[in-house]
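Enquirer: sharing a model that was predicted from the sequence below.
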Amino acid sequence: MLNTNLANSTHAALVEESLKNAYNTLSDFANREEFLLKIQTAFGETFHADKLEGLRQQWIAGDFASLPQIEILTGTQLRGANAAYAGENNTIYFSEDFLSQYADNLSAINSVLLEEIGHYVDWQINDEDTPGDEGEYFSNLVQGFELSESQIQALQGEDDYGVLNLEQDWFKIEQNNPTSFLNLSSNLAISSLQIFTICLVIFYMYQ
Ligand SMILES: [Ca+2]
Ligand SMILES: [Ca+2]
């Protein structure tokens, strides 16, 4: 559920739209045969199976009441992170700077939301944090995005911890920051460059 007290209507609408997409993605994912295999890939194999099954049944039934509440903060409050998840109070925080910047790119917002939901899943089913950025790995898996071996290694080695200070309270968070987010974009940029180079080579071969 989105706490709309803190949000302007444009940002709130973006998060609501993205939430609807996330519900569809999670329901679809929960119904898939490879559900368990993908969960094990992202979160290891020592999780509480009963807790996972509880989540799976909720998602299949279209019941998302237990998902974290969502709040929108300023970029400064989030210290430049795009979004973050705090397990202690089961809350996802979105940066309004990030929402403004990606207002025309809902799929980017969806990916980040699913990443933070991944951190929530880890918090629910595992006693200890899965090493690396399991949230981002989860986000890619549920959306059916293929990752290269080097991208998987980078995610598993990523330290996504931060702290969030809100009205005297300190929360340990797992965050999506612009650097990790932009990594995916820069990979795309490299791919475009590679395609360009290949085209150039083909062009000269047939001269
Ligand atoms: Ca975690
Ligand atoms: Ca982790």
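Expert: Arrived safely. Ligands and ions are numbered 1, 2, ... in the order given.
Enquirer: any idea of the mean pLDDT for stretch 78-98?
Expert: Averaged over stretch 78-98, pLDDT sits at 95.
Enquirer: who does the top strand by length along the chain pair up with?
Expert: Using DSSP state E, we find that the single longest strand of the chain is strand 169-176. Within its sheet, strand 169-176 is paired with strand 83-86 (antiparallel), strand 161-166 (antiparallel), according to DSSP bridges.
Enquirer: dump the longest one to CSV, restricted to CA.
Expert: Right, strand 161-166. The C-alpha trace of strand 161-166 is given here as CSV (Å, rounded to 0.1, in the frame of the first residue of the first chain):
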residue,chain,number,x,y,z
TYR,A,161,23.6,-1.6,2.4
GLY,A,162,22.9,1.9,3.5
VAL,A,163,21.3,3.7,6.4
LEU,A,164,18.3,5.9,6.4
ASN,A,165,17.6,8.5,9.1
LEU,A,166,14.0,9.5,9.5
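Enquirer: in that strand, what's buried?
Expert: Buried residues in strand 161-166, counting neighbours by 16 or more other CB atoms under 10 Å, are found at 162, 164. Where you see a C-beta, it was placed from the backbone N, CA and C, and this is true even at glycine.
Enquirer: and the contacts of the helix or strand hosting residue 58?
Expert: Using DSSP states H and E, the element containing residue 58 is helix 49-60. Helix 49-60 is contacted from outside by 26-27, 29-31, 35, 39, 64-66, 121, 124-125, using CB atoms under 8 Å, 6 or more residues apart in numbering.
Enquirer: where in the chain is pLDDT low?
Expert: Residues of the chain meeting the criterion pLDDT under 70: 1, 3-7, 179-207.
Enquirer: ligand 1 contacts on that one?
Expert: Counting by CB under 5 Å from the ion, the positions of the chain adjacent to ligand 1 are 119, 122, 129.
Enquirer: wasn't the last one part of a helix?
Expert: No - counting by DSSP: H, G, I helix; E, B strand; the rest coil, residue 129 falls outside a helix, being coil.
Enquirer: same list (the strands paired with strand 169-176) but as TSV, adding distance to residue 18.
Expert: Converted to TSV, the strands paired with strand 169-176 look like this (distance: least, CB to CB, whole Å):
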stretch	distance to residue 18
strand 83-86	10
strand 161-166	21
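Enquirer: closest to residue 145 out of the ones you listed?
Expert: strand 83-86 (17.9 Å; CB to CB).
Enquirer: compute the distance between the residue nearest to the spatial centre of the chain and ligand 1, please.
Expert: Nearest residue to the geometric centre of the chain (CA atoms, centre = their mean): residue 115, 1.4 Å. As judged by CB to the ion, to the nearest Å, residue 115 and ligand 1 stand 11 Å apart.
Enquirer: once you drop chain neighbours, what's closest to residue 173?
Expert: Counting by CB to CB, 6 or more residues apart in numbering, residue 84 is the residue found nearest to residue 173 once chain neighbours are left out, at 4.0 Å.
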